[in-house]
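> I'd like to go over a predicted model; first the sequence, then the structure.
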Amino acid sequence: MPALKDKCHLCRREGEKLYLKGERCFTTKCAIIKRNFLPGVHGPSAQRQKITDYGKQLRSKQAAKRLYGLNERQFFNYIHAAMKKRENTTEMLINFLESRLDNVVYRLGLVTSRAAARQFVGHYFVKVNDKKVNIPSYSVKPGEIISINQVKINKKIINDIRERIKAKEVPAWLNFDKQKLEAKVISKPELAQGEKQIDLKSIIEFYSR
């Protein structure tokens, strides 16, 4: 992933919010609000040209990768695994992406972005079934319990989390006890519970060429 200062360029390149900067994305400082044009030396004069079907598929793939914070190899591995399954490919892809531990941490509202979630997990701030896990790509399963390693985190961060999650909506496949700061995975994520701006059909078509 690019440095933080460059992340707004990614949203502007895709022409939509990818929520890569956490809370900033919900303010008037968001680049899509302030500078909703292609990045580069031509600035506002640059025109978004009509693109081919291949171009649309490529942009959908790039947007999905950036949204979930994955590199090409990671994303391809998920696509390849989804295509090998007998189940619906798009359903399986969403299952793989949404079940990542860093995504779950983000969905619960413990942090404000997936990039922050990867750091949160990497610093041993998260437990799965009461065992410390520091692998962002860890795939959670129904029945597993995700909790915060409160011994590792200072009180200020805990208080910030409690304040942040008050109005946070949690996906239906997660049951979050906001008092205990503990979540249970009650089912696999479904297609409708993934990111709305991702065109999964175009992504599958891109890799099926």
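Received it, and whenever you're ready, just let me know what you need. Residues are numbered from 1 along each chain as shown.

> Report the contact partners of the residue positioned nearest the centre of the chain.
Computing the C-alpha centroid of the chain and ranking residues by Cα atoms, centre = their mean puts residue 68 first, at 3.6 Å. Shown in contact with residue 68 (Cβ atoms under 8 Å, 6 or more residues apart in numbering): 75, 97, 100, 103, 114, 195. C-beta: built from backbone N, CA, C; applies to glycine.

> repeat that with 10 Å
18, 74-75, 78, 96-98, 100, 102-103, 106, 114, 194-195, 198 (Cβ atoms under 10 Å, 6 or more residues apart in numbering).

> Those residues, buried ones only, as a ChimeraX selection?
Restricted to buried positions by 16 or more other Cβ atoms under 10 Å, the ChimeraX selection for those reads:
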select :18,75,78,96,97,98,100,102,103,106,114,194,195,198
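
> Below-threshold pLDDT in this structure: ranges please.
Applying pLDDT under 70 to the chain flags the ranges 1-49.

> Residue 175 is in what secondary structure piece?
Residue 175 is part of strand 174-177 when elements are defined by DSSP states H and E.

> For the next helix or strand after that strand, list the C-alpha coordinates in PDB.
In the C-terminal direction, the helix or strand that comes right after strand 174-177 (DSSP H and E) is strand 182-185. Extracted in PDB, the C-alpha atoms of strand 182-185 (Å, rounded to 0.1, in the frame of the first residue of the first chain):
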ATOM      1  CA  GLU A 182     -16.100  -9.000  22.600                       C
ATOM      2  CA  ALA A 183     -17.500 -10.200  19.300                       C
ATOM      3  CA  LYS A 184     -18.700 -13.600  18.200                       C
ATOM      4  CA  VAL A 185     -18.800 -14.800  14.600                       C
END
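
> which of the residues in strand 182-185 are buried?
Across strand 182-185, burial judged by 16+ other Cβ under 10 Å covers 182-183, 185.
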